[in-house]
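Visitor: All I have is the shape, not the residue letters:
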DNA sequence: CTCGTTCTCCTACAGTGTTGGATTGCATCC
DNA sequence: GGATGCAATCCAACACTGTAGGAGAACGAG
């Protein structure tokens, strides 16, 4: 029938299912009357598979067709559960925020809470290197992202922040974590490709007269001190939060 | 010959140029023997036009064909000057950094320099709303971006920062500016589309039991206080930079 | 004039997001 | 049982994308 060399993969899941269901003895595999073989696609499965593919191949290689193929379905079937590809990305991004498990009850010091929030958020963003850049290009309004924000807001509230100062402090914290995580992710996947680091170093040192200060301090990023790099920035932020200016003046 | 309805636009720039060049009296338009009518495409023109299109239609609508059409050329001609579309984006992004004009000589107080750097960078990023998100998804290694970094580095150096603390402070500053600018850009272009803000408010207030603190403080972003929002975060950062912890401890 | 260089164009390919309608599977009611 | 209705999937197609290979035009040099 279909002359197209459609089947790249030898496994056609649909046909396979049909044959199995109608074969003699297949009753035992059907697991009872009430089990419908149909609902293979669901919000959860789509989200989970999208995260899996994003982790493996990055955000540019994620297409509806690949996602559908991985799910054993066809691309257009996704559009029954999802309005557009952006929806998939939103779902996947929010699923990342779901991985950040925050303590039910806040600890004694709000600084510790904020620190736990920042390091935790950073680690889940590094676990999914595509997430950081994505979080900067769309509003974070998923339920899990809101839950994370709520945690930071309450922690800062017990720290004495109110009104506009509260939201400014929370935003500043989030921007730092997302920015540092995404830049770390970018640099690490670039250094995987080729010896980019040495090329960058050479380029900067070639124009050492234009960027004298930069040239002297840049190779520091070569060492794998991303962790301490992040912690220094975090302490800087916490020091700013501790200063009286942050809460008093307009 | 070509049955294809190829010519969507009535203006075929190539034919038009040919006719003009060979028409009688066209000498006056040719501006002398040495001027070649050929070099219409150049690095600078490509970059400038890309920025223009990005400003107008956003990053998703920028395609090589549209860019080429705007330049009066064909898409594949771009690939002589540019290896890939990412190159175009890199060039455009660096052109944005070029718009940030920094004082030749640093002012008396390094805090003022840093403040000027942050507000200036923010304003150019807001002038090109696509730039913020883009800056988070690729390394900033263009000459103009490096020049900006150099400025911040030297300012922080006179502020007493050295070695790892210097780069950490600079990175923290940059992450904040880029993050806040891109989130502002995202929210402003979303609020243009539909009445998203009220929808978001309603959604949060609907789950007010899950996000009690958030629900009370979120509508603050409805007011157009993005400027003061940014300035509060900036003061918070500057307070952190002023704290002794930032430079002393490891 | 020919040659080589530089730049632009044509053709083409594989792949993209997304739409409208046809088709299947299932539950329910007559 | 058969018919109806709904939910979910599939099929075919469209306009469009980034990009490769090579042909072709304009130019300067020999």
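Guide: Cool, got the structure. Remember, predicted model here, so these are calculated numbers, not experimental data.
Visitor: going forward, measure contacts and count neighbours with C-alpha atoms only.
Guide: Will do.
Visitor: what angle sits between the longest helix anywhere in chain A and helix B:163-193?
Guide: For chain A, the longest helix by residue count, based on DSSP state H, is helix A:163-193. Orientation of helix A:163-193 against helix B:163-193 (axes from the mean of the first three to the mean of the last three CA atoms, to 10 degrees) gives an angle of 110 degrees.
Visitor: where does residue A:209 fall, helix, sheet strand or coil?
Guide: Secondary structure state of residue A:209, per DSSP: H, G, I helix; E, B strand; the rest coil, is coil.
Visitor: check whether the longest helix of chain A contacts chain B.
Guide: Yes: part of helix A:163-193 sits near chain B under the criterion CA under 8 Å from any CA of the partner chain, namely A:163-165, A:167-169, A:171-172, A:175-176, A:178-180, A:182-183, A:186-187.
Visitor: How far off centre is the helix or strand that that helix is followed by?
Guide: Remark: after helix A:163-193, the chain's next helix or strand is helix A:196-206, criterion DSSP states H and E. Distance of helix A:196-206 from its chain centroid, counting by CA atoms, centre = their mean, to the nearest Å, is 29 Å.
Visitor: for stretch A:159-166, same thing?
Guide: Relative to the chain's own centre, stretch A:159-166 is displaced by 28 Å; criterion: CA atoms, centre = their mean.
Visitor: and it, how far apart are its ends?
Guide: 9 Å (CA to CA, to the nearest Å).
Visitor: could you pick out which of the residues of helix A:163-193 next to chain B are near DNA strand C?
Guide: Counting by CA under 7 Å from any atom of the strand, nothing from those sits close to DNA strand C.
Visitor: May I see the PyMOL selection of the buried members of those residues?
Guide: Burial among the residues of helix A:163-193 next to chain B is assessed by 16 or more other CA atoms under 10 Å in any protein chain shown; the matching PyMOL selection reads:
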select buried, chain A and resi 164+165+167+168+169+171+172+175+176+178+179+180+182+183+186+187
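Visitor: Check which helices and strands the longest helix of chain A is in contact with.
Guide: When contacts are defined as 3 or more CA pairs under 8 Å, 6 or more residues apart in numbering or on different chains; DSSP states H and E, helix A:163-193 packs onto helix A:110-127, helix A:131-135, helix A:143-158, helix A:226-242, helix B:163-193, helix B:212-217, helix B:226-242.
Visitor: mind listing what's buried in the last one?
Guide: Pointing back at helix B:226-242 there. Under the neighbour-count criterion of 16+ other CA under 10 Å, helix B:226-242 has B:226, B:229-242 buried.
Visitor: if we can go back for a sec, angle of the longest helix of chain A against helix A:110-127?
Guide: Inter-element angle recorded for helix A:163-193 and helix A:110-127: 30 degrees (by the same axes, to 10 degrees).
Visitor: ok, and the closest non-adjacent residue to the closest residue to chain B within chain A?
Guide: Residue of chain A nearest chain B, by CA to the nearest CA: residue A:240 (3.7 Å). Excluding its sequence neighbours, the residue lying closest to residue A:240 (CA to CA, 6 or more residues apart in numbering or on different chains) is residue B:240, at 3.7 Å.
Visitor: which residues does the one you found contact?
Guide: Residue B:240 makes contact with A:236, A:237, A:238, A:239, A:240, A:241, A:243, B:246 under the criterion CA atoms under 8 Å, 6 or more residues apart in numbering or on different chains.
Visitor: do you know how far it is from residue B:230?
Guide: For residue B:240, the distance to residue B:230 (CA to CA) stands at 15 Å.
Visitor: How many neighbouring residues does residue A:118 have?
Guide: Neighbours of residue A:118 under the rule other CA atoms under 10 Å in any protein chain shown: 20.
Visitor: who's in contact with it?
Guide: Contact analysis of residue A:118 by CA under 8 Å, 6+ apart lists A:173, A:174, A:177, A:234.
Visitor: quick revisit: JSON lines please, covering the helices and strands packed on helix A:163-193 and showing mean pLDDT and distance to residue A:47.
Guide: Output for those, formatted as JSON lines (pLDDT from 0 to 100; distance: least, CA to CA, whole Å):
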{"stretch": "helix A:110-127", "mean pLDDT": "97", "distance to residue A:47": "16"}
{"stretch": "helix A:131-135", "mean pLDDT": "98", "distance to residue A:47": "14"}
{"stretch": "helix A:143-158", "mean pLDDT": "95", "distance to residue A:47": "13"}
{"stretch": "helix A:226-242", "mean pLDDT": "95", "distance to residue A:47": "29"}
{"stretch": "helix B:163-193", "mean pLDDT": "91", "distance to residue A:47": "23"}
{"stretch": "helix B:212-217", "mean pLDDT": "86", "distance to residue A:47": "26"}
{"stretch": "helix B:226-242", "mean pLDDT": "95", "distance to residue A:47": "33"}
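Visitor: so which strand or helix has residue A:61?
Guide: Here residue A:61 is assigned to no helix or strand, by DSSP H and E.
Visitor: what's the answer for the one 4 residues further on, then?
Guide: Using DSSP H and E, residue A:65 maps to helix A:64-70.
Visitor: Check which element follows that helix along the chain.
Guide: Tracing the chain past helix A:64-70, the next element assigned as helix or strand by DSSP H and E is helix A:78-81.
Visitor: Which elements pack onto the helix or strand just after that next one?
Guide: Using DSSP H and E, the helix or strand that follows helix A:78-81 in sequence is helix A:85-98. Judged by 3+ CA pairs under 8 Å, 6+ apart, helix A:85-98 is in contact with helix A:43-57, helix A:110-127, helix A:131-135, helix A:143-158.
Visitor: Kindly reformat those as TSV containing distance to DNA strand D.
Guide: Output for the helices and strands packed on helix A:85-98, formatted as TSV (distance: least, CA to the nearest atom of the strand, whole Å):
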stretch	distance to DNA strand D
helix A:43-57	9
helix A:110-127	26
helix A:131-135	19
helix A:143-158	22
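Visitor: ranking these by burial, who's on top?
Guide: Comparing the helices and strands packed on helix A:85-98 by mean neighbour count (mean count of other CA atoms under 10 Å in any protein chain shown), helix A:131-135 ranks first with a mean of 24.
Visitor: Give me the distance between that helix and the centre of its chain.
Guide: For helix A:131-135, the separation from the chain centroid amounts to 6 Å (computed by CA atoms, centre = their mean).
Visitor: cool, stretch A:50-69 as well?
Guide: Computed by CA atoms, centre = their mean, the chain-centroid distance of stretch A:50-69 equals 13 Å.
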